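Colleague: Only the shape, not the letters, is given here:
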């Protein structure tokens, strides 16, 4: 299969952002890929990989939503009136200081930069804020790889 890495990449991307099992995501992406292969029309779409990517993305969004709902459902035991959450951990509550101290150093530096420039960033239109943070970090010598790694780590900690 020539687009195996495309399937792996989108499954990994969804796994990193949603926490849904990678193998399940890979399976769903593979099914969506084969459906896209079956439905692809060369006359209306220029690139198959773009068409397949969109088909897999839409399928994985639907799958991830269903998975997240499944894990949050309550099971009621009528005779005891107890609600149990299956396969879903109770949220852990931490103070901001505890959360901040648990971050890797790059994440701490990014958070500090955002708070130090909070007024300037807040005054920008929403679609320009991320770009401003990235340009401030680039001015300090950060690579794009380092920036997005820190963003992913912060997302994981917030989740």
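Modeller: Done, it's in. The shown structure was predicted, so the numbers you read here are calculated from the model rather than taken from an experiment.

Colleague: and residue 100, how far is that from residue 127?
Modeller: 27 Å (Cβ to Cβ, to the nearest Å). The way it works is simple: take the backbone N, C-alpha and C, and place the C-beta from them, glycine included.

Colleague: of these two, who's got more company?
Modeller: residue 100 (14 against 7; other Cβ atoms under 10 Å).

Colleague: Just to be sure, the more buried one is in a strand?
Modeller: No - according to DSSP: H, G, I helix; E, B strand; the rest coil, the state of residue 100 is helix, so it is not within a strand.

Colleague: all numbers from here: first residue = 837
Modeller: All set: I'll call the first residue 837, so the last point we hit is now residue 936.

Colleague: That one: what's it in contact with?
Modeller: Listed by Cβ atoms under 8 Å, 6 or more residues apart in numbering, the contact set of residue 936 reads 944, 947.

Colleague: pretty sure residue 895 contacts residue 866?
Modeller: No - the criterion here is Cβ atoms under 8 Å, and residue 895 misses it with residue 866 at 9.9 Å.

Colleague: So between the two, which is more surrounded?
Modeller: Between residue 895 and residue 866, residue 895 has the larger neighbour count (other Cβ under 10 Å), namely 20 against 17.

Colleague: Which strand or helix spans the more buried one?
Modeller: helix 884-908 (DSSP states H and E).
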